[in-house]
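Chemist: Dropping the sequence and predicted coords here.
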Amino acid sequence: MWQQLEIHLTAKNRGFHLITDELIKQISTINTIHCGILHLFIKHSSASLTINENADPTVRTDMEKHFNVIAPERAPYYQHTYEGDDDMPAHIKSSLLGASLSIPITQGQLNLGIWQGIYLGEHRDHGGSRTIIATIHGE
Amino acid sequence: MWQQLEIHLTAKNRGFHLITDELIKQISTINTIHCGILHLFIKHSSASLTINENADPTVRTDMEKHFNVIAPERAPYYQHTYEGDDDMPAHIKSSLLGASLSIPITQGQLNLGIWQGIYLGEHRDHGGSRTIIATIHGE
Amino acid sequence: MWQQLEIHLTAKNRGFHLITDELIKQISTINTIHCGILHLFIKHSSASLTINENADPTVRTDMEKHFNVIAPERAPYYQHTYEGDDDMPAHIKSSLLGASLSIPITQGQLNLGIWQGIYLGEHRDHGGSRTIIATIHGE
């Protein structure tokens, strides 16, 4: 069984956001898969998808603070500056974190660890709605 | 052909560990796949899976030293501190390196480069046993 | 439908290179897939694959400059030094960026965002030709 869906996330502020529920409620066929994989792909090069802790929100704010250190604005050697100070760091963060996730589906559910959730990394100041292609495949 | 296995790794010290053999000997069905993909997913947000050199062990110790620079303990802006100094850096490393791997299977074997192996990134001081979901899919 | 191809890229200078066209023209079966996934795996631990902006080439040169800051040469604590100053940073970049990509295929085409392309991260000074395993799977 193969299925593909285009999902449009609501616009989010810059930072890391737990989007497990927003995604899953739009991918109802996960329930029908006994064994398979959910693949998520974000169609943007200034945002990212990653897995991290789904509990304490300070993990997300600390992630944002520290990725701003790893990929700072206004590094003196940046030449790609005409799209704004937040743009080149957003490209770097996108490649550090990645544009896609693959998550096992087991007996009708995502087989995440109890403390794991799906994060959107919104790396632009005003990124707007982001589009994700969800590919569900299994039996 | 789809198969899923839950694999429990032995507890490891903090650092990077070559786990190719520990994993493969528990996934015997790779031998039966002519063309496919092995997907590995670690069910934790303070450990990671990555591919790197399988030969000189100083690659692993240098990786540990340098990831401790990229994601240091006790950054003054961390708010998520109540799980220990090693916890917030572990979350950052987990997202930088990733929770999953997809590796091609070709004629009954993982199609890794001759110098490539599978690493566990154990980012906690006392992480204990880690659980990996292996999904084997192919024909 | 499963297919696997071994693709040999032309040798590239150190840095980030847009390789979408060089790859796609060698994977003609994408056209025949209505819904599926293209998986790319680079068989080296000193190069990487990532998705990023396909337009302004200064994104690629800024990425190279900044990854040289994130993973510098000659860090005083590196012990893995006998393969050259560029080798240990190449291993670190390879794990930060990743050895594989999974991209959805939709109606015979890669379902990339309009600004997205596939990058080779060549992290050695003289890396030579790099080998990628492309696995195409879908219906």
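Modeler: All right, it came through fine. Treat the numbers as computed from the prediction; the structure is a model and nothing was measured.

Chemist: use CA for all of it now, contacts and neighbours both
Modeler: OK.

Chemist: residues in contact with A:Met1?
Modeler: By C-alpha atoms under 8 Å, 6 or more residues apart in numbering or on different chains, the contact set of A:Met1 is A:Ile136, A:His137, A:Gly138, A:Glu139.

Chemist: Go through chain A and flag its longest helix.
Modeler: For chain A, the helix with the greatest residue count under DSSP state H is helix A:57-70.

Chemist: and the closest residue to A:Thr131 other than its chain neighbours, what is it in contact with?
Modeler: Among residues not flanking A:Thr131 along the chain, A:His8 sits closest, at 4.7 Å (C-alpha to C-alpha, 6 or more residues apart in numbering or on different chains). By C-alpha under 8 Å, 6+ apart, the residues touching A:His8 are A:Ser129, A:Arg130, A:Thr131, A:Ile132.

Chemist: ok, A:Ile33 to chain B distance?
Modeler: Separation of A:Ile33 from chain B (C-alpha to the nearest C-alpha, to the nearest Å): 12 Å.

Chemist: hang on, that residue packs against A:Pro104?
Modeler: No: here A:Ile33 does not reach A:Pro104: they are 10.3 Å apart, not a contact under C-alpha atoms under 8 Å.

Chemist: So between these two, which is more surrounded?
Modeler: The neighbour count for A:Ile33 versus A:Pro104, taken as other C-alpha atoms under 10 Å in any protein chain shown, is higher for A:Pro104 (24 against 20).

Chemist: coming back round to it: give me the mean pLDDT for the helix or strand just after the longest helix of chain A.
Modeler: Next helix or strand after helix A:57-70 toward the C-terminus (DSSP states H and E): helix A:87-97. Regarding helix A:87-97, the rounded mean pLDDT is 98.

Chemist: Could you list the residues of chain A in contact with chain B?
Modeler: Residues of chain A lying close to chain B by C-alpha under 8 Å from any C-alpha of the partner chain are A:35-36, A:50-53, A:56, A:58-59, A:62-63, A:65-66, A:70, A:96-97, A:101-104, A:111-116, A:138-139.

Chemist: Now the buried members of the residues you listed.
Modeler: Buried positions within the residues of chain A next to chain B, assessed by neighbour count (16 or more other C-alpha atoms under 10 Å in any protein chain shown), are A:35-36, A:50-53, A:59, A:62-63, A:66, A:70, A:96-97, A:101-104, A:111-113, A:116, A:138.

Chemist: burial measure for A:Ser28, as a count.
Modeler: With other C-alpha under 10 Å as criterion, A:Ser28 counts 10.

Chemist: how near is A:Tyr119 to chain C?
Modeler: For A:Tyr119, the distance to chain C - C-alpha to the nearest C-alpha - is 18 Å.

Chemist: do A:Thr29 as well
Modeler: 15 Å.

Chemist: Specify the local secondary structure of that residue.
Modeler: helix (DSSP: H, G, I helix; E, B strand; the rest coil).

Chemist: pLDDT at the residue positioned nearest the centre of chain A, what is it?
Modeler: With distances taken as C-alpha atoms, centre = their mean, the residue of chain A nearest its centroid is A:Leu49 (2.1 Å). You'll see A:Leu49 listed with a pLDDT of 98.

Chemist: Chain C contacts on chain A?
Modeler: A:2-4, A:41-45, A:70-71, A:77-80, A:88, A:91-92, A:94-100, A:133, A:135.

Chemist: Now list the buried members of the residues you listed.
Modeler: For the residues of chain A next to chain C, a neighbour count by 16+ other C-alpha under 10 Å gives the buried set as A:4, A:41-45, A:70-71, A:78, A:80, A:88, A:91-92, A:94-100, A:133, A:135.

Chemist: now stretch A:109-117, how far from the centre of its chain.
Modeler: 15 Å (C-alpha atoms, centre = their mean, to the nearest Å).

Chemist: Relative to chain C, which residue of chain A is the closest?
Modeler: Residue nearest to chain C within chain A (C-alpha to the nearest C-alpha): A:Lys43, separated by 4.3 Å.

Chemist: Quick check: that residue touching A:Thr131?
Modeler: Yes: the pair A:Lys43 / A:Thr131 is scored as a contact, 5.8 Å apart, by C-alpha under 8 Å.

Chemist: Contacts only, for whatever residue of chain A ends up closest to chain B.
Modeler: Here chain A gets closest to chain B at one residue, A:Gly113, 4.3 Å apart by C-alpha to the nearest C-alpha. A:Gly113 is in contact with B:Ile42, B:Lys43, B:His44, counting by C-alpha under 8 Å, 6+ apart.

Chemist: Take the residues you listed and keep only those in strands.
Modeler: B:Ile42 (DSSP state E).

Chemist: Nearest to C:Phe16 among the contacts of A:Gly113?
Modeler: B:Ile42 (29.0 Å; C-alpha to C-alpha).

Chemist: before we move on, back to that, out of the contacts of A:Gly113, the closest to chain A would be?
Modeler: Of those, the one sitting nearest to chain A (C-alpha to the nearest C-alpha) turns out to be B:Lys43, at 4.3 Å.

Chemist: quick one: secondary structure of the closest residue in space to the closest one that isn't next to it in sequence?
Modeler: If the residues on either side of it in the chain are set aside, B:Lys43 comes closest to A:Gly113, at 4.3 Å by C-alpha to C-alpha, 6+ apart. With three-state DSSP as the basis, A:Gly113 sits in coil.

Chemist: Just the element for A:Gly121, please.
Modeler: Counting by DSSP H and E, A:Gly121 is part of strand A:116-122.

Chemist: which other helices and strands contact that strand?
Modeler: Packing partners of strand A:116-122 (3 or more C-alpha pairs under 8 Å, 6 or more residues apart in numbering or on different chains; DSSP states H and E): strand A:15-18, helix A:20-24, strand A:47-53.
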